[in-house]
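Asks: fold the following.
(one chain, ligands or ions: 2)
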Amino acid sequence: MEIKPNKKILQAFGLEPEGLNVRKFGSGHINNTFLLEKKQDGSRYVLQKINVNVFKEPGIIAANQRMAADYLAVHHPGYLFITPIPTVNGEELFVIDNEYWRLIPFIADSVTVDQADNPKQAYEAAKQFGRLASYLSGIDLKPFKASIPNFHNLTLRYSAFQEAIRTAKEDRKVAAEEMIEDFLRYSDIAVTYEQLKTNPEFRDHLMHHDTKINNVLLNKDTYEGICVCDLDTLMPGKIISDLGDMVRTYVCPVSEEERDFSQIVIREEYYEALMQGYLAEIGGTLTKVEKEQLFFAGKFMIYMQGIRFLTDYLNGDVYYPIKYPAHNYDRAKNQLVLLQRLMEKETVLQDIIDKCLHVNV
Ligand code: GN1
Ligand code: MG
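Replies: Residues are numbered from 1 along each chain as shown. Ligands and ions are numbered 1, 2, ... in the order given. Just a heads-up that it's a prediction; the model follows:
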């Protein structure tokens, strides 16, 4: 079913429906996003319908974002942190028919890219996520709630994977048999996470939890980082989440959608660029244990994303939208290959990390 913002929604935000061009926008899987453009002066806004199957309490997103914004306004004035434009009644979310809508300013002269195509983009994007984490490193985490409980809890993702193996329809289980075996063979990644998560030196930080390159706004001409966007999953979590998702998505020339797996390679110069950018901002605040887990970050996120796709395939595609029946199978396979490519290069990548730590800590 096609979703479109109706008049009432636009008017709630003080917008005149007749005076707007509305089109679908972005490449996210979860929310529905639209770009609005005022015919009169060309000013632009981003309107989003939050997916309440995924974000069961959208109020938590708004509260987390507000607390972060208030803290940043005091401690880092001038830092660009995107906050929603309130409705005419002063609310961050407009609720209608059980749908939650919010309006976000469109940042002038910004672009997003779906794939890093030079190391500078990887560096700039990583710097933005590092800066966010570093600027928020002194914030009290207690009032923050999880907008998706256990989002990056690999222990639970691994249990969900095992449950899906048990309950999958026979044809899917058979089709995925070999890949299931492969992912089970790397279960030490889940074990390592399980051990780390209770280590007091492996701390909680306010993390973005979706550090794909298209969640950073870059200057349309210079590709310098402007700010981060898509703050739905800003919540307490671990450094390996944000760093790992950058490794997962910046280092390979093709995305999780690629079916020609021979194109999945690790570009060392991108790995180095993102480590440099991230550690330049946050390196000085990390504990010894966190510094020891920087290579693990990539394994952790790629593994988790791989089993999330495979779990969804086994469950009959209930979470990620698909374009053809084996779509989630192919995405999982892509992540498995990426994981293997990353692990093959552990020695050289760890050398890169050591070099970056030396420069930035
Ligand atoms: C989802 O909607 P999007 O594309 O920003 C997912 C991420 C995954 C990503 C994989 C809330 O993000 O965790 O890494 O797909 N977000 C949620 O492309 O599940
Ligand atoms: Mg997103």
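Asks: neighbours around Asp109, how many?
Replies: By the measure other C-beta atoms under 10 Å, the count of residues near Asp109 is 11. The C-beta positions use only the backbone N, C-alpha and C, and glycine is treated the same way.
Asks: per-residue confidence at it?
Replies: If you check Asp109, the pLDDT there is 93.
Asks: same thing with Gly28?
Replies: For Gly28, the predicted pLDDT is 80.
Asks: host element of it?
Replies: Under DSSP states H and E, no helix or strand contains Gly28.
Asks: near ligand 2, which residues of the stretch 101-250 of the chain are found?
Replies: 210, 230 (C-beta under 5 Å from the ion).
Asks: is ligand 2 contacted by the longest helix seen in the chain?
Replies: Ordering each helix of the chain by length in residues (DSSP state H) puts helix 294-314 first. No: Helix 294-314 stays clear of ligand 2 (C-beta under 5 Å from the ion), getting no nearer than 13.0 Å.
Asks: average model confidence for that helix?
Replies: On average, helix 294-314 scores 98.
Asks: show me which residues of the stretch 251-361 of the chain sit near ligand 1.
Replies: Contact residues (C-beta under 6 Å from any ligand atom) of the stretch 251-361 of the chain with ligand 1: 256, 305.
Asks: 8 Å instead, please
Replies: 256, 305, 308, 319-320 (C-beta under 8 Å from any ligand atom).
Asks: can you name the element that comes right after the longest helix of the chain?
Replies: Helix 294-314 is succeeded, C-terminally, by helix 327-344 (DSSP H and E).
Asks: now for the next helix or strand after that following helix, which elements pack on it?
Replies: For helix 327-344, the following helix or strand on the C-terminal side (DSSP H and E) is helix 346-360. The criterion is 3 or more C-beta pairs under 8 Å, 6 or more residues apart in numbering; DSSP states H and E, and the helices and strands that helix 346-360 contacts are helix 268-282, helix 294-314.
Asks: need these in CSV (columns: distance to Met207 and mean neighbour count).
Replies: CSV is the format used below for those (distance: least, C-beta to C-beta, whole Å; neighbours: other C-beta atoms under 10 Å):
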stretch, distance to Met207, mean neighbour count
helix 268-282, 11, 24
helix 294-314, 11, 25
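Asks: what's the closest of these to Lys169?
Replies: If you check each of those against Lys169 by C-beta to C-beta, helix 294-314 wins as the nearest, at 8.1 Å.
Asks: can I get that closest one in PDB, CA atoms only?
Replies: Taking Å, rounded to 0.1, in the frame of the first residue of the first chain, the C-alpha atoms of helix 294-314 are listed here in PDB:
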ATOM      1  CA  LEU A 294      38.400  -2.100  17.800                       C
ATOM      2  CA  PHE A 295      39.000  -4.900  15.300                       C
ATOM      3  CA  PHE A 296      36.300  -7.000  16.900                       C
ATOM      4  CA  ALA A 297      33.900  -4.200  16.200                       C
ATOM      5  CA  GLY A 298      33.700  -5.000  12.500                       C
ATOM      6  CA  LYS A 299      33.300  -8.700  13.100                       C
ATOM      7  CA  PHE A 300      30.600  -8.000  15.700                       C
ATOM      8  CA  MET A 301      28.400  -5.800  13.400                       C
ATOM      9  CA  ILE A 302      28.800  -7.800  10.200                       C
ATOM     10  CA  TYR A 303      28.100 -11.100  12.000                       C
ATOM     11  CA  MET A 304      25.000  -9.600  13.700                       C
ATOM     12  CA  GLN A 305      23.700  -8.100  10.500                       C
ATOM     13  CA  GLY A 306      24.300 -11.400   8.700                       C
ATOM     14  CA  ILE A 307      22.300 -13.400  11.200                       C
ATOM     15  CA  ARG A 308      19.600 -10.800  11.300                       C
ATOM     16  CA  PHE A 309      19.100 -11.100   7.600                       C
ATOM     17  CA  LEU A 310      19.300 -14.900   7.800                       C
ATOM     18  CA  THR A 311      16.900 -15.000  10.700                       C
ATOM     19  CA  ASP A 312      14.400 -12.900   8.700                       C
ATOM     20  CA  TYR A 313      14.800 -15.200   5.700                       C
ATOM     21  CA  LEU A 314      14.100 -18.200   8.000                       C
END
